[in-house]
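A.B. asks: Okay, here's the prediction I keep looking at, along with the sequence it came from:
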Amino acid sequence: MAKQRFVLRFAGKRAKPAEDVERIRSVPGATMLDESSARMLLVESHEQPLRDLLESLPGWVVAPEQVIPLPDTRERIERGPR
């Protein structure tokens, strides 16, 4: 199965633990795409190894990344009947 992107959110009362981030980074084949947020990570990985690790790390919630296309808001000239 192909790699997917996942949003990981730390639901604890503080910032994400650095030791948890390092363990997530060590998942075989995983790529950390963004870790700039205090509580969230964007990771590209195979699903099962990532979920297996997160079962042993309390406070983490995982969800597949959802991409929502933005509407095209450019004005258009409407042409009348010919």
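C.D. replies: Arrived safely. Source: prediction; values computed, not measured.
A.B. asks: So which residues of this protein form helices?
C.D. replies: 18-25, 47-55 (DSSP state H).
A.B. asks: Could you export those as a markdown table, including mean neighbour count, distance to R76 and mean pLDDT?
C.D. replies: Glycine gets a C-beta too; all of them are placed from N, C-alpha and C. Below are the helices of the chain laid out as a markdown table (neighbours: other CB atoms under 10 Å; distance: least, CB to CB, whole Å; pLDDT from 0 to 100):
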| stretch | mean neighbour count | distance to R76 | mean pLDDT |
| --- | --- | --- | --- |
| helix 18-25 | 14 | 45 | 96 |
| helix 47-55 | 14 | 41 | 94 |
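A.B. asks: Would you mind giving these as TSV with distance to A63 added?
C.D. replies: Listed next are those as TSV, based on distance: least, CB to CB, whole Å:
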stretch	distance to A63
helix 18-25	14
helix 47-55	11
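A.B. asks: residues contacting L33?
C.D. replies: Contact analysis of L33 by CB atoms under 8 Å, 6 or more residues apart in numbering lists 5, 42-44.
A.B. asks: and the gap between it and R76?
C.D. replies: To R76, L33 is 35 Å away according to CB to CB, to the nearest Å.
A.B. asks: Who are the contact partners of A63?
C.D. replies: Taking CB under 8 Å, 6+ apart, one finds 6-7, 9 in contact with A63.
A.B. asks: Name the member of the residues you listed with the most neighbours.
C.D. replies: Highest neighbour count within these: F6, with 21 neighbours (other CB atoms under 10 Å).
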